[in-house]
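Novice: build me a structure from this.
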Amino acid sequence: MSWVFLFIAGLLEVGWAVGLKYTAGFTKLLPSALTLAAMTGSIGLLGLALRGLPLGTAYAVWTGIGTVGTAAFGMLVLGEPAGAARILCIGLIVAGILGLKLLSPH
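Specialist: Modelled structure (predicted):
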């Protein structure tokens, strides 16, 4: 169950990272409330995941999911550059996440 909590926490990290773009410095109420809710949920689920996973593994996977998801959102929705080198680097992050999952004793 820890990996499920961690995966959802990572997705919520993407949500709050993207949400920050739409809060206008926390001056817009609804985007700010949704972003803060995603932050709270992400940290809470990370905490639950840490009950069964090593800290270094969980934190690296959590930030990796957030990084990959946020970068993908930027490229697919916001029109950020999606060159081959950038895609390769994101792929390396995904490989690291998968490696940590496969090598984890849990």
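Novice: contacts, neighbours, all on C-alpha from now
Specialist: Noted.
Novice: so Leu34 touches Gly19, yeah?
Specialist: Yes - the pair Leu34 and Gly19 qualifies as a contact (CA atoms under 8 Å) at a distance of 7.3 Å.
Novice: the more surrounded of these two?
Specialist: Between Leu34 and Gly19, counted using other CA atoms under 10 Å, Gly19 has the larger neighbour count: 20 against 16.
Novice: in which helix or strand does the residue most central in space within the chain reside?
Specialist: With distances taken as CA atoms, centre = their mean, the residue of the chain nearest its centroid is Gly66 (1.8 Å). When elements are assigned from DSSP states H and E, Gly66 belongs to helix 55-76.
Novice: can I get that helix as CSV, trimmed to CA atoms?
Specialist: Taking only C-alpha atoms (Å, rounded to 0.1, in the frame of the first residue of the first chain), the coordinates of helix 55-76 have been written out as CSV:
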residue,chain,number,x,y,z
LEU,A,55,13.1,7.8,3.3
GLY,A,56,15.7,8.2,0.5
THR,A,57,13.7,5.9,-1.9
ALA,A,58,10.4,7.5,-1.1
TYR,A,59,11.6,11.0,-1.4
ALA,A,60,13.5,10.4,-4.6
VAL,A,61,10.5,8.7,-6.2
TRP,A,62,8.1,11.4,-5.0
THR,A,63,10.1,14.2,-6.4
GLY,A,64,10.8,12.2,-9.6
ILE,A,65,7.1,11.7,-10.2
GLY,A,66,6.6,15.4,-9.6
THR,A,67,9.4,16.4,-11.9
VAL,A,68,8.4,14.2,-14.8
GLY,A,69,4.8,15.0,-14.5
THR,A,70,5.3,18.8,-14.3
ALA,A,71,7.8,18.7,-17.2
ALA,A,72,5.4,16.7,-19.3
PHE,A,73,2.6,19.1,-18.5
GLY,A,74,4.8,22.1,-19.4
MET,A,75,5.6,20.5,-22.8
LEU,A,76,2.2,19.2,-23.6
